[in-house]
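K.L.:
predicted model follows, preceded by the sequence.
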Amino acid sequence: MSASPSSLGLTSPSQHHHTTMSTSTAASAFSSAHRLYVKSLYKRYLNNALDWTVRRDIWRGQAMQIRAEFERNRNVHDPRALAAILEKAEVDLANMKHPDPYIPPTAPGGTKWERNLPPSMAPLYDHEAPGAGH
């Protein structure tokens, strides 16, 4: 399943800082928070696509499609239009969410999480010491 965020029109996560927001004072008021939110949304789209497609060579093509969709409406500065685009993107992502996402084995919830914990570094109890409670 392809995780293409069709007609999202979101700003580019890595090249957003090159755009000037001086044309609209409302856009400059939320540009920092907006940039962080769009980066987070972009990463969630990429991770979701990777959950559906394990092979990186196939996933790379999907990642490029996702990037193109984010670039499509890169210069949208109208807060209402952005809110509508972001809401649609969240709904689309929720609809495409993988039912069993990949979790790295050593990450919390992974198959190897806390499997081989290091031994406790607390002092050892000396069973052979005189007067050890026998």
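P.N.:
Sure thing, it's come through. Numbering: from 1, shown residues only.
K.L.:
and the nearest residue to Lys112 once chain neighbours are set aside, how close does it get to Glu114?
P.N.:
Residue nearest to Lys112 in three dimensions, not counting chain neighbours: Pro105, with 4.1 Å by C-beta to C-beta, 6 or more residues apart in numbering. Every C-beta, even on glycine, is put in place using the N, C-alpha and C of the backbone. The gap separating Pro105 from Glu114 is 11 Å, by C-beta to C-beta, to the nearest Å.
K.L.:
so for these two, which residue has more residues nearby?
P.N.:
Pro105 (11 against 8; other C-beta atoms under 10 Å).
K.L.:
what about that one, distance to Asn116?
P.N.:
Pro105 is 12 Å from Asn116, where distance means C-beta to C-beta.
K.L.:
now Ser31
P.N.:
46 Å.
K.L.:
ok, these two, which is more surrounded?
P.N.:
The neighbour count for Ser31 versus Asn116, taken as other C-beta under 10 Å, is higher for Ser31 (17 against 5).
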